[in-house]
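J.: Have a look at this prediction, sequence included:
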Amino acid sequence: MVSIIIPCYNCEGFINRAIDSVIRQTFEDWELLLVNNNSTDNTQKVLELCQSKNPERIFIFQENKKGAPAARNKGLQNAKGKWVQYLDADDELLPDKIKNQLNSAEQNNADCIIGNAELIEKKGEKTVRSIRPLYSADVWIGLTTSQLGITSAILWKKEILDKINGWNEQLTSSQEYDMMFRMLKAGGKVIFEESTNTLIHKTDSAISKNPDKSKMLKIIDNRINLRLQIFEYLTETGQLTKEREAMIHKYIYQELAGNGINVKKYQSEKLKGFSIDVPYNLRFNAYWNDTKRTLKSNVKSLILGNKTSR
């Protein structure tokens, strides 16, 4: 059986889409665990209506601790299936998603099956669709570059999730890749089932997404700290190849430079002796992009100043 867990926070307007995508699965041995996480709208009533139509397979739980990791852990604690499918309330599974991934899992004795996802985003009047990239050639490089899938596109063996104690509720971001990292350290086997069977609707409605820009630096810190942990683990276990090391350096540099953070200052204050080493052309491109942003900002200020003086 597969336990499908959906954290629910103020999702009355779209949770039915996610639930319907579960009901349409061609794999039929499933249970659905809906975890209401402090919703203040009519989410609870919508969940109860869905449960009333299928009470033997749909269950509702309450989690008062804020955040998707706590809600997902509540579901994990109550899950009865051999496998666990996490599904965000604003996403949906295509009908063969679970069947395809289970077939691959059983054939390869896997603990974690990573699939492709199609991202759907509204930009003005246009709907933009794209495939989220995966990197399957080296699981450690994929982990470093955040190319080991996305929550709703992954299927997990419950045994490995129990072994690593599920989601880290203390982290404010990067929780999924932290869990993936702990699973790999615990010896979990990852495989890729690269058909696209998950639709990700990009909104700000999911519990784990926080639009507060003042917290962005903390998010960046979490991302970089995870890469430093990966670097340390690979070094200690003799698995740090030149390619993996170069990718860790590149990721950290691009995360900082791409967000307008002074790389040298951050390195001296927070990286505890870790020295970022990237090719000159990467540094030049970052410098040039920063220069263009500065010029654009100065020109905009000059134009606005001239308009004000008139």
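T.: Thanks, I have the structure now.
J.: Measure how buried residue 163 is and give me the count.
T.: As a burial measure, residue 163 scores 15 neighbours (other Cβ atoms under 10 Å). (Glycine included, C-beta is placed from N, CA and C.)
J.: pretty sure it contacts residue 185?
T.: No: with contact defined as Cβ atoms under 8 Å, residue 163 does not count as touching residue 185 (10.7 Å).
J.: Spatially nearest residue to the residue positioned nearest the centre of the chain (excluding sequence neighbours)?
T.: In the chain, the residue lying closest to the centroid (Cα atoms, centre = their mean) is residue 150, at 4.6 Å. Leaving aside its sequence neighbours, residue 150 sits nearest to residue 117 (Cβ to Cβ, 6 or more residues apart in numbering; 5.2 Å).
J.: same question, residue 94
T.: Nearest residue to residue 94 in three dimensions, chain neighbours excluded: residue 197, at 4.5 Å (Cβ to Cβ, 6+ apart).
J.: mind listing what the one you found touches?
T.: Taking Cβ atoms under 8 Å, 6 or more residues apart in numbering, we find residue 197 in contact with 93, 94, 96, 97, 100, 101, 115, 116, 153.
J.: can you redo those as JSON lines with pLDDT?
T.: As requested, those are exported to JSON lines (pLDDT from 0 to 100):
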{"residue": "93", "pLDDT": "98"}
{"residue": "94", "pLDDT": "98"}
{"residue": "96", "pLDDT": "97"}
{"residue": "97", "pLDDT": "98"}
{"residue": "100", "pLDDT": "96"}
{"residue": "101", "pLDDT": "97"}
{"residue": "115", "pLDDT": "95"}
{"residue": "116", "pLDDT": "93"}
{"residue": "153", "pLDDT": "97"}
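J.: what about the strands in the chain?
T.: Using DSSP state E, the strands of the chain run over 2-8, 30-36, 58-62, 83-86, 91-93, 112-123, 126-131, 154-157, 190-201.
J.: can you tell me which of those strands comes nearest to residue 139?
T.: Taking Cβ to Cβ, strand 190-201 is the member of the strands of the chain nearest to residue 139, at 5.5 Å.
J.: List the strands paired with the closest one, with their directions.
T.: Applying DSSP bridges, strand 190-201 is found paired with strand 91-93 (antiparallel), strand 112-123 (parallel).
J.: Just the buried residues of it, please?
T.: For strand 190-201, burial by neighbour count (16 or more other Cβ atoms under 10 Å) applies to 190, 191, 192, 193, 197, 198, 199, 200, 201.
J.: Rank the helices and strands of the chain by mean pLDDT and give me the bottom one.
T.: Ranked by mean pLDDT, DSSP states H and E, the helix or strand of the chain with the weakest confidence is helix 280-309, at a mean of 56.
J.: where are the low-confidence patches of the stretch 101-250 of the chain?
T.: The model of the stretch 101-250 of the chain has pLDDT under 70 over residues 203-214.
J.: give me that answer again for 90
T.: For the stretch 101-250 of the chain, the stretches with pLDDT under 90 are 122-125, 172-173, 194-195, 202-217.
J.: need the helices for it, in chain order.
T.: Assigned by DSSP state H, counting those that start in this stretch, the stretch 101-250 of the chain shows helices spanning 139-144, 158-163, 175-185, 216-236, 242-258.
J.: Domain ranges for this structure, per the record?
T.: By the record's domain assignment, the chain is partitioned as 2-201, 213-278 (automatic domain parsing).
J.: residues contacting residue 142?
T.: 134, 135, 136, 148.
J.: list the contacts for the second one?
T.: The neighbourhood of residue 135, defined by Cβ under 8 Å, 6+ apart, consists of 141, 142, 145, 147, 148.
J.: now do the last one
T.: Contact partners of residue 148, counting by Cβ under 8 Å, 6+ apart, are 114, 134, 135, 139, 142, 177, 180, 190.
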